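Student: After the sequence you'll find the predicted model.
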Amino acid sequence: MHVAVRKMGNSQGILIPKPILSQVGLEGTADLQVKNGVIEIRPVKRNPRESWAKDSQAIALAEDDALVWPDFANEGDAELVW
């Protein structure tokens, strides 16, 4: 597919058709790099654990961090030597 390079303010750019954006899951922000003379545009990969620290602090502040399962031991645990 050929696309036109257009003037956009003080920069230049191309318009990417919506079906192509949908195909690669690109929305919001993108990772833009040049590798071996080729412009690569990729979706930003979100770290699935990104908000875990903040979320765990909120859970602790809400005092909603009690054990779901009670402590339990295995038979013979008292005799184990660590």
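Tutor: Received it, and whenever you're ready, just let me know what you need. Numbering: from 1, shown residues only.
Student: need the helices for this protein, in chain order.
Tutor: Here the chain has its helices, by DSSP state H, at 18-24, 52-61.
Student: May I see the ones you listed organised as JSON lines, with mean pLDDT, mean neighbour count and distance to R6 added?
Tutor: C-beta coordinates here come from the backbone N, C-alpha and C atoms, glycine included. Listed next are the helices of the chain as JSON lines, based on pLDDT from 0 to 100; neighbours: other C-beta atoms under 10 Å; distance: least, C-beta to C-beta, whole Å:
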{"stretch": "helix 18-24", "mean pLDDT": "90", "mean neighbour count": "10", "distance to R6": "16"}
{"stretch": "helix 52-61", "mean pLDDT": "91", "mean neighbour count": "10", "distance to R6": "40"}
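Student: Can you read off the pLDDT for the residue most central in space within the chain?
Tutor: Centroid check for the chain by C-alpha atoms, centre = their mean gives R46 as the closest residue, at 1.1 Å. Looking at R46, its pLDDT stands at 78.
Student: next one: phi and psi at it?
Tutor: Dihedral angles of R46 (phi, psi; degrees, to the nearest 10) stand at phi -90, psi 140.
Student: And it, how close does it get to E63?
Tutor: For R46, the distance to E63 equals 29 Å [C-beta to C-beta, to the nearest Å].
Student: any idea how far V24 lies from A66?
Tutor: In terms of C-beta to C-beta, V24 sits 43 Å off from A66.
Student: brain fart, G76
Tutor: 28 Å.
Student: repeat for M1
Tutor: From M1 to A66 the distance is 57 Å (C-beta to C-beta).
Student: ok, I41 - how many residues close by?
Tutor: Neighbour count of I41, defined by other C-beta atoms under 10 Å: 14.
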